[in-house]
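Participant: Sequence and predicted structure, then a few things I'm wondering about:
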Amino acid sequence: MSKVWTIAKREFLVTVTRKGYLFTLFGLPLLMIGGLFAASMLSRETFRDSQANQGPAGVVDRAGVLDFRLQAATRPTGSTIPLPVPGVSLESELVAYDDLDKALADLRKGDLSAVFLLEADYLQSGDIVVYAAEKGIFAQLTRTGRRQLSALLRASLASGRLEEEAVARILTPGRFKEMQVSKQGRIQPEGNLLKRVGRFLGPFIMFFLLTISIFMSSGYLLQGIAEEKQNRVIEILLSSVTPTQLLMGKIMGLGAAGLLQVAFYVVLLVLPASLVLTLMTLSPGQILLSLMYVALGYLLFAGLMAGTGLLGNTSQESQQLSVVWTMTSMIPMFLAASLMTQPHSWLARSFSFFPLTAPVTMLLRLSTDEVPLVDVLVSTAVLILGIFLAVKGAARLFRTASLMVGKRPRLAEIYRWLREA
Amino acid sequence: MVAPDAIISVQEVSKNFRSVIAVDGASFEIGSGEIFGLLGPNGAGKTTLIRLILDLIRPDAGSIRIQGQPISETHKNRIGYLPEERGLYFRQRVMAVLEYLGTLKGVSIERVRSNARDWLRRLEIDDSRNRPVQELSKGNQQKVQFIATVVSDPDILILDEPFTGLDPINVRLLVRSIQELAAEGKTVVLSVHQMSLVESLCRRVFMINRGRQVLYGDLEDIQNRHSEPSFLVRSGADYRTCELIDRFSGHNAATTVYLKQGVEPARFLRWLLESGAEVESFQRARTPLDEIFIRVVRDSS
């Protein structure tokens, strides 16, 4: 056991002082948070710029239906409009014009964002012609002024004909207050947009970081073993320890490095997010199960990567071979949108019961919703079986493949090694 | 042929790699405290034999025993191995590498550190202890590899080409170290291509070619067996007049004299003394080991 401990200690210390590990530990979360912040700022600025370029809209009312004095009353109060970016208003001033040519001249000069023309037969036809300057597609999409014109039309047509309260309801039919009902029956306000986005992004970021930690740790194992084979240290190591001791020591050491990474993410990112910002809606059970799948996923890929590390002649060659495992296990990532919206579909369940895709799929499902117990039990069982086979296979390859150099082995040869060892 | 106090015993060991016969029925024993030479041309099966002894690979047939027992973890802890190809963590510092490889033999870190410092001084690379291995010259890297083998103070040393990359001064330094270790009672298995070093270090050898044993036993016996009946003589005698001589070569200081088939050396010595010439020295001439090596390899191929 002391030899396993010696190997584990060295692997841990060498790994946690690697530049790549430190970057993943500190840099990756910062990069993700920074990226989200930068994207948010960028879209906000872009939106604001497009708004700033627009200015008021001109209206030529040949039908004589509009009462511009009601314009102030038609401005909505409260945050009923789900703006994509907080602090940016879609409102625009409507300016009355008698002459269409003058309005169009102002539009060409850039004083107006658009010109609306209501012909004399508006009441019969309902047609409104919109003149807009040639601008970017973003400005077209905002359709500035239409909302105000519609509100002003409703107000002008109803005013004097209906009661004041009815006019108010026509202008603002309702102000929605959204409440969230949990599975336990707890009812609470939905919260603002930031929190709603956070509730989706929080678990997703956690899922992403946990997945990264599985593949980073097992990737280091692959790299370490491939390097030891390449620089022939493995022959000296195996003259002192058994293949199983070496493998166990490496899995423990790199597992501890991975655990440190996960603990760091949980303590410094997930807990503050759930306690202070209430961004996380995951239950303690979901979090614990997620951690269990990280551990099982790590053990499975550690076994696979250790074996793969022994097959190549160089570190690069082994990494190329390992793509088979990483690509297969990443299939659920490519289908994340489908799996997160339908976490209990037959596709999600199938992936959960296949060892290579089970860790990522279960982490995805757990970040979205509670997972049925039977799914947890079956996926855990197949993962344990997968781990047993992967670790046993890797230990067998240590005895045969670790000393082999030359051309890359073929599948038949690998099979023979696994049987002979 | 059984060595006294056999510490390593290899009996009828064979190993195949698919259709290639790497070792075919090898049998030998290595005595405690001896320097044993493992010889053979490139690709003969020496490294496979070493890996079999170390239990890195398993034999297809035969048995290998250390101190009369199949190799165990305790045995592994008492064997130091220097592989033919350098195997070190090149980006790590010398001392860190030695500490790691030493403690993997089950020795305390304090003892490993103390032994490492001592050996770094003995091999004159004490100033490199905190430098990354990759910054050292090839010769000094080889010295670090040697220290990694002895740092846990093992009882058995298996050295596969330990002199690779060393200049003559450092070869002498390492030869002296190996002799000192043997004098302390360590068993040394030495695989080298420099036959002169084998002659000066080993008492017994095992030679393998194409997986098969071609020579095994006491080096002096082997040399005698493979030498023609010849003598190195320093005298003023006129060999042309001697009927016992088949041929001779060399003049003045020393002459190698080859006797006719069946002639007893004592008869030739008697003739030499009776010839009246002054005899300075008379000794049996032995064929150098490298010549025997070439001859045996050629014959067995």
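Facilitator: Good, I have the coordinates. Numbering: from 1, shown residues only, chains lettered A, B, ... in the order given.

Participant: residues from the stretch 51-200 of chain B in reach of chain A?
Facilitator: Proximity of the stretch 51-200 of chain B to chain A (Cβ under 8 Å from any Cβ of the partner chain) is limited to residues B:51, B:54, B:56-58, B:73, B:76-77, B:79, B:81, B:83, B:85-90, B:100-101, B:103-106, B:148. Where you see a C-beta, it was placed from the backbone N, CA and C, and this is true even at glycine.

Participant: and chain A, which residues reach chain B?
Facilitator: A:2-3, A:6-7, A:10, A:231-242, A:399-400, A:403.

Participant: Which of these fall within helices?
Facilitator: The helices, defined by DSSP state H, take in A:2-3, A:6-7, A:10, A:233-238, A:399-400 from the residues of chain A next to chain B.

Participant: Please list only the buried members of these.
Facilitator: Buried residues within these, counting neighbours by 16 or more other Cβ atoms under 10 Å in any protein chain shown: A:3, A:6-7, A:10, A:233-238, A:399-400.

Participant: Name the nearest of these relative to A:E134.
Facilitator: Using Cβ to Cβ, A:R10 is the member of these that sits closest to A:E134, with 67.2 Å.

Participant: one step back: out of the residues of the stretch 51-200 of chain B next to chain A, which end up buried?
Facilitator: B:51, B:54, B:56-57, B:76-77, B:79, B:81, B:83, B:86-90, B:100-101, B:103-106, B:148.

Participant: Look up phi and psi at A:D127.
Facilitator: Torsion angles at A:D127 (phi, psi; degrees, to the nearest 10) stand at phi -80, psi 140.

Participant: So it sits against A:F116, correct?
Facilitator: No: contact between A:D127 and A:F116 fails when scored by Cβ atoms under 8 Å: they sit 10.8 Å apart.

Participant: more crowded one of those two?
Facilitator: A:F116 (23 against 10; other Cβ atoms under 10 Å in any protein chain shown).

Participant: next one: phi and psi at that one?
Facilitator: phi -110, psi 130.

Participant: Narrow the buried ones among the residues of the stretch 51-200 of chain B next to chain A to those in helices?
Facilitator: B:51, B:76-77, B:100-101, B:103, B:148.

Participant: Now compare those residues and name the two farthest from each other.
Facilitator: Longest span within those, Cβ to Cβ: B:R51 and B:T103, 23.0 Å.

Participant: okay, which residue is most central for chain B?
Facilitator: By Cα atoms, centre = their mean, chain B has its centre lying nearest to B:G37, at 2.9 Å.

Participant: Contact partners for that one?
Facilitator: Taking Cβ atoms under 8 Å, 6 or more residues apart in numbering or on different chains as the criterion, B:G37 is in contact with B:190-192, B:198, B:201-202, B:204-206, B:219.

Participant: Out of those, flag the one nearest to chain A.
Facilitator: Using Cβ to the nearest Cβ, B:S191 comes nearest to chain A of the contacts of B:G37, at 14.2 Å.

Participant: Now do the helices in chain B.
Facilitator: For chain B, the helices defined by DSSP H cover B:46-53, B:73-77, B:94-103, B:109-122, B:138-150, B:168-183, B:195-201, B:219-225, B:265-274, B:289-300.

Participant: quick one: which of the ones you listed is nearest A:M305?
Facilitator: Of all the helices of chain B, it is helix B:94-103 that lies closest to A:M305, at 21.7 Å by Cβ to Cβ.
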